[in-house]
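A.B. asks: Quick one: sequence plus predicted model below, questions after.
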Amino acid sequence: MALLLNTHFHLAIDNLRRNRGRTFLSALGIAIGVASIVLILSLTGGINNLISANSDKANADLILVRPSTGKDATENIISELTSNSQFVKSNLTLEDVKTIDKISEVSAVAPIAASTSAIKIGDRTIQGINIVATNQEFSNVTSLHLKNGQFLDSSLRKNVAVLGYNIAIQQFGGTEAITKTFTYNGQHFMVVGVLDEVNDPINYNGINIDESIIIDINYASTFESSIQIQQIDVRTATTDAVPKATELIKQNLTEAKNGDQSFSVITSSEDMHPAGSLLSIVSSMLTLVASISLIVGGVGIMNIMLVSVSERTREIGIRKSVGASSGNILLQFLFESIILSVMGGILGFALGYIGAFIISLITPFAPHISWQILAITGAVSLIVGVLFGIYPAIKAARKDPIASLKFYR
């Protein structure tokens, strides 16, 4: 049996070599489909790894409180992303921050009210600046480090700001920006600190700290009609205190809001990043779309194999006349289809990984290649080869040897 399979394998290889151009184009159809799937899976895997890095042991004592629509996590994320008034839905307030801060298991609480607005530096008006309103606990909760100056402090004057590393360099001429001033929403602010580079644009806060200006949320509430808190970061005194603190936060906030439970409490054991669930959905949908190109490639293989069966009708007749069974003929052509598909899979895997690596050069995450992706690639290639090669193989196996011997090209 092993000798017979070896013979079929070498016959298939010899025939594919005789038609190199046709073989390459057929394999290319499969390669494009496989490359698309590898590209999607490796890039989404890289993003997931980056997101997971924010939910490691360093954040085991972290709890997040976010507004919720009462739907499940995925529906809530989609609803927020498709709504133009997602921040208006937030029912979190500064009173909630005080309620959480009273819990003995809690060591630090930092609200986050993020927005994009214009600022004025001298005579320059700069649009699209990330403004983050929070309190002095934010640097401790998020483990931020200062490059120069100091962070927000309740004992200081209120109209002060802390700059992210990139915003300091791009808009204020460098990290030595202490005492420089700007105007935001008609209010004058003085820079008292510049943060060290974080280089973590994808994090559980959903904020690119390097590109943000941080101001005091209590001061912001005095000149903004309705401050909208998108998230409250909570650190517990110990990791063991997280379960109890989580339950107390839920209980105390529900009581403070007169039974309103339109908020969610998330721990590091869950998906902290707001895009995590949505990413899984998008990845699945993109993979499904990419699979369509595999069907196209499979149809191409079937077409080429049918042409090959037609061209080699006389060969089939000769083989049958000297004792080859229908099963032998079927295996011979099925081997060709599988080899053609697997070749395309190998080429596609290489192209997909190269494409993911090139994209990673301009993004903050590295492509993720695992044995699961390799296994999926191999399995998909094998299945496509069998599914789209079985019909031409059966057609070849059923040919009448007498009629086949009479066939002339």
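C.D. replies: Nice, thanks for sending it over.

A.B. asks: where does the stretch 1-150 of the chain dip in pLDDT?
C.D. replies: Under the criterion pLDDT under 70, the flagged ranges of the stretch 1-150 of the chain are 1-5, 8, 50-58, 69-89.

A.B. asks: where along the stretch 51-200 of the chain do the strands fall?
C.D. replies: In the stretch 51-200 of the chain, the segments counted as strands under DSSP state E, counting those that start in this stretch are 62-67, 106-121, 124-134, 146-149, 160-163, 181-184, 187-195.

A.B. asks: could those go into JSON lines alongside mean neighbour count and distance to Ala375?
C.D. replies: C-betas here are computed from N, CA, C, even on glycine. Formatted as JSON lines, the strands of the stretch 51-200 of the chain follow (neighbours: other C-beta atoms under 10 Å; distance: least, C-beta to C-beta, whole Å):
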{"stretch": "strand 62-67", "mean neighbour count": "22", "distance to Ala375": "34"}
{"stretch": "strand 106-121", "mean neighbour count": "18", "distance to Ala375": "41"}
{"stretch": "strand 124-134", "mean neighbour count": "16", "distance to Ala375": "41"}
{"stretch": "strand 146-149", "mean neighbour count": "16", "distance to Ala375": "46"}
{"stretch": "strand 160-163", "mean neighbour count": "25", "distance to Ala375": "47"}
{"stretch": "strand 181-184", "mean neighbour count": "18", "distance to Ala375": "53"}
{"stretch": "strand 187-195", "mean neighbour count": "19", "distance to Ala375": "43"}
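
A.B. asks: Quick one: closest of these to Thr267.
C.D. replies: strand 62-67 (5.6 Å; C-beta to C-beta).

A.B. asks: So what touches the closest one?
C.D. replies: Counting by C-beta atoms under 8 Å, 6 or more residues apart in numbering, strand 62-67 makes contact with 89-92, 96, 100, 141, 204, 230-236, 242, 245-246, 249, 253, 262-268, 272, 274, all of which sit outside it.

A.B. asks: what lines up beside it in the sheet?
C.D. replies: strand 231-236 (antiparallel), strand 263-267 (antiparallel) (DSSP bridges).

A.B. asks: With respect to Gly174, which of those lies nearest?
C.D. replies: Nearest of these to Gly174, taken as C-beta to C-beta: strand 231-236 at 29.2 Å.

A.B. asks: what helix or strand is the most centrally placed residue in the chain on?
C.D. replies: With the centre of the chain defined as its mean C-alpha position, the nearest residue by C-alpha atoms, centre = their mean is Thr44, 3.6 Å away. With the criterion set as DSSP states H and E, the secondary-structure element containing Thr44 is helix 20-52.

A.B. asks: What residues of that helix count as buried?
C.D. replies: For helix 20-52, the neighbour count (16 or more other C-beta atoms under 10 Å) marks 23, 26-48, 50-51 as buried.

A.B. asks: Can you give the distance of that helix from its chain's centre?
C.D. replies: What separates the centre of helix 20-52 from the centre of its chain is 16 Å, taken as C-alpha atoms, centre = their mean, to the nearest Å.
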